[in-house]
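>>> Take this sequence and fold it.
(one chain, ligands or ions: 1)
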Amino acid sequence: MNVGIIGCGAISNQYMIGLNKNKKVLQVLACADLDSKKSELFSKEHNISKFSVDELLENNDIDLIINLTPPSSHFEISLKSLENGKHVFSEKPISLSIEEGKELFSSMKKNNVYLFAAPDTYLGPAFKKGVEILNSNKIGQIISGSASFVSHGVEGWHPNPEFYYKKGGGPLFDMGPYYLTALVKLLGPVTQVVSYSEKNFNKRKVENAEVKYKEINVEIDTHYLALLKFKSGVVVDFHVSFDIWKPYDPKLEIYGENTSLKLADPNNYDGEISMFNKETYQWENIYSSKDSENNYYRGLGVVEMVNSIKQNNITEEELFLPFHVLDIMCTLESYDLNGNWANITQQF
Ligand SMILES: NC(=O)c1ccc[n+]([C@@H]2O[C@H](COP(=O)([O-])OP(=O)(O)OC[C@H]3O[C@@H](n4cnc5c(N)ncnc54)[C@H](O)[C@@H]3O)[C@@H](O)[C@H]2O)c1
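Residues are numbered from 1 along each chain as shown. Predicted coordinates for the structure are as follows:
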């Protein structure tokens with residue numbers, strides 16, 4: 001399958017490392033970016049063609065678009081791609097609202113093409129190992145779980161941090177998809193949520209000297225504490241924040257009737273897994289990352305998508321996953337802090 005990349009920014013080179021390892025499955029032929037200097041540089045670096053966005057979308061040689069634009073452009077680029085009869089793999093989030101999500105979903109059906117989205121870290125070895133352990137029943141019936149990612153945002157390192165503080169950014173839409181996708185894959189669909197959210201900093205000081213602007217006005221909540229109730233009845237606490245100065249390690253833990261399991265960080269493709277030993281009262285490492293090239297699995301989701309399309313075996317679960325995650329995030333985002341359970345209405 002022939003692939004075109006739209007958005008030649010910070011993450012695009014990491015994608016190329018992963019995609020270039022799978023040339024038997026797909027070939028990246030071309031790229032485009034609003035900023036033609038960026039697509040020029042990217043095309044030279046990877047020896048691929050450079051087009052304008054519209055030219056790439058209309059190019060009959062391209063079967064699949066990888067959408068690596070900022071979140072605010074995901075909907076527009078993905079919709080245009082679908083309308084041009086191209087499959088899409090989009091960076092997360094798949095879109096910024098339920099209405100946009102519905103439009104994408106119906107366009108996918110209408111044009112007989114597929115739209116998948118990041119994160120794809122659940123295809124990495126650590127997550128697969130985690131599922132194997134959970135299925136082995138070692139931890140017993142699941143009672144609860146806990147997921148969190150807290151930091152003080154991205155303005156210290158990102159080359160263009162502004163979009164992280166506008167609608168579609170923030171910890172919920174930026175980091176939430178990793179933890180929510182992992183939880184849904186492990187525990188099934190979410191049916192209800194309770195949430196608390198706030199914005200503790202109205203402005204962000206840009207610390208990366210290469211960024212032209214020095215300050216960002218924060219337009220969204222940057223601190224979320226929520227409870228997620230799954231269809232199984234299990235309730236998990238979920239914490240994502242860009243407001244915490246001293247971050248603790250990202251966390252994904254599942255608590256069973258026999259013991260507790262600490263899974264690898266779903267922001268990565270590989271990592272450590274530990275299980276609590278009740279006899280020694282210690283956490284014990286039961287799996288470690290074997291591959292030092294941990295982050296170079298990026299693109300795994302695109303490879304999996306192409307294989308599934310070729311084999312015509314895409315499951316409903318796969319198809320709905322990023323839309324269900326969008327449903328959860330939008331419900332958390334619009335939660336009116338009344339303390340009552342809000343239903344996830346499964347709108348897709
Ligand atoms: N940077 C990371 O570490 C990282 C990690 C995982 C996922 N992501 C996701 O990848 C996506 C891109 O992030 P990034 O860090 O590469 O951002 P970036 O700002 O570095 O790059 C985005 C690129 O898209 C281009 N662009 C913007 N709007 C466009 C449009 N309408 N049409 C064509 N091109 C357009 C910009 O000119 C820019 O070159 C985001 O969704 C982000 O959440 C980033």
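
>>> how many neighbours does the residue nearest to F89 when sequence neighbours are not counted have?
Leaving aside its chain neighbours, F89 sits nearest to V302 (4.6 Å; criterion: Cβ to Cβ, 6 or more residues apart in numbering). To be clear about C-beta, it is placed using only N, CA and C from the backbone, and glycine gets the same treatment. The tally of other residues near V302 (other Cβ atoms under 10 Å) stands at 26.

>>> and V302, helix, strand or coil?
Under DSSP: H, G, I helix; E, B strand; the rest coil, V302 falls in the helix class.

>>> Tell me how far it lies from the ligand.
13 Å (Cβ to the nearest ligand atom, to the nearest Å).

>>> Quick check, that residue in contact with I65.
No - if you go by Cβ atoms under 8 Å, V302 and I65 don't touch, sitting 10.3 Å apart.

>>> Identify the contacts common to these two.
Residues touching both V302 and I65 (Cβ atoms under 8 Å, 6 or more residues apart in numbering): V3, F89.

>>> ok, the residue in the stretch 1-150 of the chain positioned nearest to the ligand - how many residues close by?
Using Cβ to the nearest ligand atom, G9 is the residue of the stretch 1-150 of the chain that sits closest to the ligand, at 1.7 Å. G9 has 16 neighbouring residues, counting by other Cβ under 10 Å.

>>> how near is K167 to the ligand?
To the ligand, K167 is 13 Å away according to Cβ to the nearest ligand atom.

>>> And E132, how close does it get to I286?
Noted for E132: a distance of 11 Å to I286, by Cβ to Cβ, to the nearest Å.

>>> When those two are compared, which one has more neighbours?
I286 (16 against 12).

>>> Relative to the helix or strand hosting the more buried one, what are the paired strands and their orientations?
Using DSSP states H and E, I286 falls within strand 282-287. Each strand that pairs with strand 282-287, with its direction, by DSSP bridges: strand 273-277 (antiparallel).

>>> Surely the residue of the stretch 1-150 of the chain closest to the ligand is in contact with S39?
No - using Cβ under 8 Å, G9 is not in contact with S39, being 10.4 Å away.

>>> Between those two, which contacts overlap?
D33.

>>> on that earlier part again, next, the contact list for the residue of the stretch 1-150 of the chain closest to the ligand, please.
G9 neighbours (Cβ under 8 Å, 6+ apart): D33, K38, L68, P70, P159, N160.

>>> Can I get the buried part of those as one ChimeraX selection?
A single ChimeraX command is used to select the members of those judged buried by 16 or more other Cβ atoms under 10 Å:
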select :33,38,68,70,160
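
>>> Same list, the contacts of G9, but only the ones touching the ligand.
Among these, proximity to the ligand is found for D33, K38, L68, P70, P159, N160 (Cβ under 6 Å from any ligand atom).
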